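**Student:** I'll drop the sequence and a predicted model, then ask my questions.
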Amino acid sequence: MKKVFFLDTVHPVLEERLTGAGYLCIDVTKVPIQELKIMLSDAIGIVIRSRITLNQNILSSCPKIKFIARSGAGLENIDLQYCKKNNIVVYNSPEGNRNAVAEHCIGFLLSLLNNFKQAEKDLNNRYWLREKNRGIEINGLCVGIIGYGNNGRAFAERLSDLGAKVLVYDRYKKNFSKGRIKESSMDEIFKEASVISFHVPLNTETTYMADYQFFSSFKKPVWVLNISRGKVLKTKDLIKALNDELVLGAALDVLDEESKSFDIQEINELLIDLNKRTNVVLTPHVAGWTKESYFKLSNVLADKILK
């Protein structure tokens, strides 16, 4: 029997479709991490989100493994070099939550441009301040996007539909300009963009790419969106850039250490600082976390595994 171990909870459609295709699906979501290594020795496949890192130490104890299915886009918790060397196919499913992420980004941008957080605070304090909270339209705005994968492209398309000028930099993709979406260099984005949005995986090239020097490179102050990975952006430098008015506001769906950030004093203090600001919006890594994407992420994986 071909055994597939589910290390994280995903939509039931994945188990249903794999079972129908003859796989034995085993739920180990509640098994302590230290006990998993022994159990996985019979695994043909592993389904995972972000519970653990599948490194060489763990994967080397899975002699039968043929595939890893990651529900979501990021693959930083999987040893891809080991997988390539040992012919282990790695599937992810960015197609499943691209719409959810794009819509979240539009919400982020509307919130920043229209001062939602400040306006709500004013009303809570019984102030009716219309002029102070006059907004800016997306139509005609120049938005820079770094990364043109599923999520970056979906966001760019929605911005284009709303009349924005979209400049996209992706060092691995070429010849994708279309309509209001223009393939660009970082120099052009630094010169023209009023908004910068990150849609890149976390790797050695992108870790803390958004530091103080990065923010200082823009010709004018910008709004910042990050829905990729927390460590793409250096939080301490973002705060300094906000204080120095290099950044007009920021919307972050991801943090340096995610939920662990609350337990690390230095990072927790940075979060408290950010949360007090009316020009900063924070969400707990839910940009791709809709009821619809919950199904689609698993259904896409089933399509790829059973192809």
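**Tutor:** Yep, that arrived.
**Student:** pLDDT below threshold where in this protein?
**Tutor:** For the chain, applying pLDDT under 70 flags the ranges 260-264.
**Student:** Now do the domain split for it, please.
**Tutor:** Split into domains by automatic domain parsing, the chain comes to 2-96+292-306, 98-282.
**Student:** End to end on the shortest one, go ahead and measure it.
**Tutor:** What it means is domain 2-96+292-306. 13 Å (C-alpha to C-alpha, to the nearest Å).
**Student:** can I get the domains of the chain in CSV with mean neighbour count?
**Tutor:** The way it works is simple: take the backbone N, C-alpha and C, and place the C-beta from them, glycine included. Shown next, in CSV, are the domains of the chain (neighbours: other C-beta atoms under 10 Å):
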stretch, mean neighbour count
domain 2-96+292-306, 17
domain 98-282, 18
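**Student:** now the strands for the stretch 1-150 of the chain?
**Tutor:** In the stretch 1-150 of the chain, the strands defined using DSSP state E, counting those that start in this stretch lie at 2-6, 23-27, 43-48, 67-70, 89-92, 142-146.
**Student:** can you give me how far stretch 249-265 is from the chain middle?
**Tutor:** Its chain's C-alpha centre and that of stretch 249-265 lie 13 Å apart, by C-alpha atoms, centre = their mean, to the nearest Å.
**Student:** what does that stretch contact?
**Tutor:** Here stretch 249-265 makes contact (C-beta atoms under 8 Å, 6 or more residues apart in numbering) with 104, 108-109, 111-112, 223-233, 235, 238, 242, 267-268, 271, 274, 279-287.
**Student:** Kindly state the beta-bridge partners for Lys3.
**Tutor:** Residues in a beta bridge with Lys3, per DSSP bridges, are Leu24, Ala43.
**Student:** So it versus Ile58, what's the distance?
**Tutor:** Look at Lys3 and Ile58: by C-beta to C-beta, to the nearest Å, they are 16 Å apart.
**Student:** again with Leu129
**Tutor:** Distance, Leu129 to Ile58, by C-beta to C-beta: 56 Å.
**Student:** do the same with Leu167
**Tutor:** Separation of Leu167 from Ile58 (C-beta to C-beta): 41 Å.
**Student:** go on, Asn275?
**Tutor:** The value you get for Asn275 to Ile58, if C-beta to C-beta is used, is 36 Å.
**Student:** Nearest the geometric middle of this structure, what residue?
**Tutor:** Residue closest to the average C-alpha location in the chain (C-alpha atoms, centre = their mean): Ser228, at 2.9 Å.
**Student:** any idea which helix or strand carries that residue?
**Tutor:** Using DSSP states H and E, Ser228 sits within no helix or strand.
**Student:** That one against Gly147, yeah?
**Tutor:** Yes - at 6.9 Å, Ser228 counts as touching Gly147 under the criterion of C-beta atoms under 8 Å.
**Student:** Residues that sit against both of these two, list them.
**Tutor:** What both Ser228 and Gly147 touch, as defined by C-beta under 8 Å, 6+ apart, is the set 198-201.
**Student:** which two from those end up farthest apart in space?
**Tutor:** Pairwise distances across these (C-beta to C-beta) peak at 10.4 Å, for the pair Phe198 and Pro201.
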